[in-house]
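[1] Here is a sequence together with a model predicted from it:
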Amino acid sequence: MRPASLAIPVVGAILVLSIAPSATAQGGDRRAGWYVSGGGGANWSSEIEQSGFNRDPLCYPTDACFDQDPRPEFPGYRWAYDLESAGGAVFELSAGYMLQRARLELSFGRRSNAVDQIFSSVTTFDGTALEDRHGSTVTSNTTSSIDDLTVRTLAFNAYYDFRKAATGFSPYAGAGVGPAFVDIRGVRFSDEYFDTAGDGGTYDPPLSSYNARLDDDYSDTVLAAHVHAGADFGLNDTTALGVKLTYSMLGQIEYTGTYQEHPARRLDPDFTHADAFAGARFWSLQFTVRYVLGG
């Protein structure tokens, strides 16, 4: 399910939590006031699916089409990768207002994870598999990688405390929604062609003219939805320590960019590529501290 489709139930949950009546309010357990909180801990990301395409019409020296006369042109190419991320760090700062058992909060968070990019497939734009050029001494050295994924979130959250924190343990649940500012840094791709027989100069144009190089940082802003569960331990009437578990769902991340070097730029100086990253999900576990102002 995409985060966009989750927006309505998440907003509904926020409204329900924000107006939920306090079961003990009539018994004198009334709280109201502003607070600030912060937390830090670890986060883990799901596997992310990267897909992309360009409109490159060229046939390449390692493909079977290179021996055809005339060489065919293609509508472009498609590729796919899987991104596996390592565990990373998360921190969050927030300010909010509590009224009895309900809390409304605006938070800023940051998550960062190193990424391992794993090649999956490449085809022509229409999905046709590429055939290798048999009997050729031409080969290519292709490498690709991504350094890390950083997500900064701005979220409107609502929580419901099941017990008063000042009396001891207070479990709570919550939900939130807001924008996520995504940075995918160190996106690199390199494709270099050479002839193992040593006579690459016999090609017209030379093999080096087919080389490609990309070194870029991607960024996008998408919708994010969050579900929270945790517990606080009240040290006194103003301060509580706690632990919070959050599950975050991000919309599809999209980016259009250019290559530093690419053979198709001979035909189109503004030649571009498009990439999409789907399925970004994060678990985070934080240790938190909350302080009630004016308490």
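    That came through, no problem.

[2] The closest residue to residue 248 other than its chain neighbours: neighbour count?
    In space, and not counting its chain neighbours, residue 248 is closest to residue 282: 4.3 Å by C-beta to C-beta, 6 or more residues apart in numbering. For the C-beta atoms, the positions are set from N, CA and C on the backbone; glycine is no exception. Applying other C-beta atoms under 10 Å, we find 25 residues neighbouring residue 282.

[3] before we move on, what about residue 280?
    With other C-beta under 10 Å as criterion, residue 280 counts 25.

[4] The stretch 1-150 of the chain: helices as residue ranges?
    Taking DSSP state H, counting those that start in this stretch, the helices of the stretch 1-150 of the chain run over residues 3-19.

[5] so where's it shaky on pLDDT?
    1-31 (pLDDT under 70).

[6] just the strands in it please.
    Here the stretch 1-150 of the chain has its strands, by DSSP state E, counting those that start in this stretch, at 32-45, 48-54, 77-85, 88-99, 102-124, 138-145, 148-161.

[7] for the strand or helix carrying the residue nearest to residue 248, packing partners?
    According to DSSP states H and E, residue 282 maps onto strand 281-292. If you count contacts as 3 or more C-beta pairs under 8 Å, 6 or more residues apart in numbering; DSSP states H and E, strand 281-292 packs onto strand 32-45, strand 88-99, strand 212-234, strand 239-250.

[8] and it, which strands flank it?
    Partners of strand 281-292 in the sheet, by DSSP bridges, are strand 32-45 (antiparallel), strand 239-250 (antiparallel).

[9] Just the buried positions in that strand, please.
    Residues of strand 281-292 classed as buried: 282, 284, 286, 288, 290, 292 (neighbour count, 16 or more other C-beta atoms under 10 Å).

[10] The last one contacts residue 237, doesn't it?
    Yes - counting by C-beta atoms under 8 Å, residue 292 does reach residue 237; the two are 7.2 Å apart.

[11] Neighbours of residue 42, how many?
    Neighbours of residue 42 using other C-beta under 10 Å come to 14.

[12] That one contacts residue 111, correct?
    No - Residue 42 is not in contact with residue 111 according to C-beta under 8 Å; the separation is 9.6 Å.
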